[in-house]
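Asks: make a model of this:
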Amino acid sequence: MAYDDCGELLSGLRKATAAQVGPYGLAGGPIMHPLAPGRVPGDAQADKPAATPHSDTNVQEPGVDEPDLVKTDGRRIVTTAAGRLHVVDAASRKETGTVDLGAGAAWSSGELLLSGDRALVVLRPALTFTRGEPGIVDGGVAAPKGQGPRLVLVDLSGPPRVVSSLQADGAYVDARQVGSVARVIVRSAPRLTFPRRRGGSDADATAADRAAVRAAPLDAWLPRYSVTRGGRTQAEKVPCAQVSHPASYTGLSLVSVLSVDLTGDMADAAPVSVVAGGQTVYGSGTALYVTDRPAGPDRTDVYRFDTGGSGPPRFAAAGSVPGAVLNQYSLSEYAGNLRVATTSGQEAGPPGTPPPTESAVYVLARRGAKLVRVGMIGGLGHGERIYAVRFAGPAGYVVTFRQTDPLYALDLRDPAKPRATGELKLSGYSAYLHPAGDGRLIGVGQQADANGRAKGLQVALFDVRDPAAPRRISGYTVGSMGSMAEFDPHAFLYWPQSGLTVLPLGGPGEDGALALSVTPAGVHRLGHVTPPKTAGAVQRALVVGDTLWTLTPTGLQANDLTGPTKTAWLPFA
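Replies: Got it, this is the predicted structure:
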């Protein structure tokens, strides 16, 4: 709910934050030092001729794009490297433009969103492990002084040029895009200075710290950002009228959602905030869900923002479920309800015994400003934890693992009575599940021995057409190898037109990618993509026309789609 005025906002934040203060600052942790200063959604391509058939970023929900290292519209390939944005013409296989993003060594490589002739680049500050200097403290890791994520809007209609940029105060969480509008989620901490402790009891130190919190101005909490365009920088902050709060909160962080229309300008970001934490983001197209796992209780808090329409999002509801989510795939909205898969009891048990874990799927419905539990199914994987989740309409699939891999098939048609319909036990586990059409799932994970020790990359094809009897059709393993696709689904390419499946490989001396054919007949090896020795590891794969492209930190490689035989190497200038 929104605050009535700035006075109520300040009073509520002071009270909630003071309750978290101990003799060593916030929540008994390190002292938080002050930071240094620091159009309607649509398809911009709708009126253009059909592009060359091409793959898109592997995303969770159709129509909801996610930021990634590389994007293509079928004509051009757009990516970043060493602080520059690069544009490659896919047909001629030549770099046609590049622009400096104003990012030095203090910034990571950028993630991209693309709409028509505009690209939005999200740059994260490179993390340091230096304590005690001004910065954003997050689990003991500090960002460079006064720096949060940097958003750069680039025009691609001619030679690439920077339109405007936005410097946010806080830590980048994630982003989602529908049409031309991107929603960027940032988490910020209060900028509080506590008195230096000079002896005395813990009770005296706590009282002094709480007094400092109660005297802090509203600006200590309000998220800040700055917009640069035309060579001029304007400092901004979230208006207190755009800050909301759930029924209970700690005041230790705020989550802000910035709205950036890629066809417009960064100055129109219009952020809204809620007094909450934020770790995982799921977008359904009309809503954003942000989850947080507070310290102490074994639960996950869920916050919903309504994002329908072209205006700023609106904080709509909050709720919680027991346990911890694995990642964004642990959440899914269907028929107006939110399904959430979690594992509870992950704390260690007595020596020599398995942890007292079990997993469950909860169904939440919105009731006013609350997300209320209307159904659940528990008892999944006693003594194990969730390794992968995939929801597909009214069905769900959950993989738990400790020594074996139970793949559970779930019937979620009745939100009040979800139920497990079938179970398949295998050695090893799947860490990512991908729908392959016609009631089939591709599982990417690890083969394991009888003791649960990982033995190498495993790609399996499952038949889940009969929910009472899921079965494994085929599989392929690569010993002593892993793939970033196991923990980053953006690195997974599945081209349904032919069944081509590509995964970057990681292991001793390995920088390439594995190309497989995954069809109803099974999983078969097509070949190996090998970049130049100095190129670095393969990070992504994409299809444009009859070419398979692979991205490394230093360039793009073109391969024949069926071979895959190398046909060109384009180093970044």
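Asks: got the contact list for residue 423?
Replies: 406, 407, 408, 409, 470 (Cβ atoms under 8 Å, 6 or more residues apart in numbering). C-beta: built from backbone N, CA, C; applies to glycine.
Asks: again with residue 288
Replies: 176, 183, 185, 257, 281, 282, 304, 305, 307, 313.
Asks: can you lay out the contacts of residue 423 as a markdown table showing neighbour count, secondary structure and pLDDT?
Replies: Below are the contacts of residue 423 laid out as a markdown table (neighbours: other Cβ atoms under 10 Å; DSSP: H, G, I helix; E, B strand; the rest coil; pLDDT from 0 to 100):
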| residue | neighbour count | secondary structure | pLDDT |
| --- | --- | --- | --- |
| 406 | 19 | strand | 93 |
| 407 | 26 | strand | 97 |
| 408 | 23 | strand | 98 |
| 409 | 22 | strand | 98 |
| 470 | 20 | coil | 97 |
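Asks: wait, which of the contacts of residue 288 is closest to residue 378?
Replies: Nearest to residue 378, judged by Cβ to Cβ, of these is residue 282 at 21.2 Å.
Asks: just to check, that closest one is in contact with residue 302?
Replies: No: using Cβ atoms under 8 Å, residue 282 is not in contact with residue 302, being 9.2 Å away.
Asks: what sits in contact with each of the two?
Replies: Joint contacts of residue 282 and residue 302 (Cβ under 8 Å, 6+ apart) are 289, 291, 331.
Asks: find the nearest non-adjacent residue to the first one, please.
Replies: Which is residue 289. For residue 289, ignoring the flanking residues on the chain, the nearest one in space by Cβ to Cβ, 6 or more residues apart in numbering is residue 282 at 4.6 Å.
Asks: that neighbour looks like it's in a strand, true?
Replies: Yes: judged by DSSP: H, G, I helix; E, B strand; the rest coil, residue 282 forms part of a strand.
Asks: number of nearby residues for it?
Replies: If you count neighbours by other Cβ atoms under 10 Å, residue 282 ends up with 26.
Asks: residue 542 now?
Replies: 25.
Asks: looking at the contacts of residue 423, which is nearest residue 79?
Replies: residue 407 (35.0 Å).
Asks: contact partners for the closest residue to residue 160 other than its chain neighbours?
Replies: Spatially, and ignoring its direct neighbours in sequence, residue 160 is nearest to residue 99 (4.0 Å; Cβ to Cβ, 6+ apart). Applying Cβ under 8 Å, 6+ apart to residue 99 gives the contacts 84, 85, 154, 159, 160, 161, 162.
Asks: in a markdown table, list those along with neighbour count, pLDDT and distance to residue 543.
Replies: Compiled in a markdown table, the contacts of residue 99 are given as follows (neighbours: other Cβ atoms under 10 Å; pLDDT from 0 to 100; distance: Cβ to Cβ, whole Å):
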| residue | neighbour count | pLDDT | distance to residue 543 |
| --- | --- | --- | --- |
| 84 | 18 | 94 | 25 |
| 85 | 23 | 96 | 22 |
| 154 | 26 | 98 | 24 |
| 159 | 11 | 97 | 27 |
| 160 | 21 | 98 | 24 |
| 161 | 12 | 97 | 29 |
| 162 | 17 | 97 | 29 |
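Asks: circling back: in which helix or strand would I find the residue nearest to residue 160?
Replies: strand 94-100 (DSSP states H and E).
Asks: direction included, what does that strand pair up with?
Replies: strand 84-89 (antiparallel) (DSSP bridges).
Asks: quick one on the thing from earlier: distance of the residue nearest to residue 289 from residue 319?
Replies: According to Cβ to Cβ, to the nearest Å, residue 282 and residue 319 sit 14 Å apart.
Asks: over to residue 284?
Replies: 15 Å.
Asks: these two: which is more packed in?
Replies: For residue 284 versus residue 319, the count of surrounding residues by other Cβ under 10 Å is larger for residue 319: 24 against 21.
Asks: show me the shaky parts of this protein.
Replies: 27-50, 104-106, 127-147, 310, 347-354 (pLDDT under 70).
Asks: please, which helix or strand holds the residue lying farthest from the centre of the chain?
Replies: Distance from the C-alpha centroid of the chain, by Cα atoms, centre = their mean, peaks at residue 200 (44.3 Å). Using DSSP H and E, residue 200 is not contained in any helix or strand.
Asks: tell me the span between the first and last residue of stretch 360-378.
Replies: Counting by Cα to Cα, to the nearest Å, you get 4 Å between the two ends of stretch 360-378.
Asks: how about that stretch: buried residues?
Replies: 360-366, 370-371, 375-378 (16 or more other Cβ atoms under 10 Å).
Asks: likewise stretch 188-203?
Replies: For stretch 188-203, by 16+ other Cβ under 10 Å, it's 188, 189, 190, 191, 192, 194.
Asks: what helix or strand is residue 209 located in?
Replies: Secondary structure (DSSP H and E) places residue 209 in helix 202-215.
Asks: give me the residues contacting that helix.
Replies: 14, 17-18, 21-25, 192-195, 197.
Asks: redo that, cut-off 7 Å
Replies: Helix 202-215 is contacted by residues 14, 17, 18, 21, 22, 23, 25, 192, 193, 194, 195, 197 when judged by Cβ atoms under 7 Å, 6 or more residues apart in numbering.
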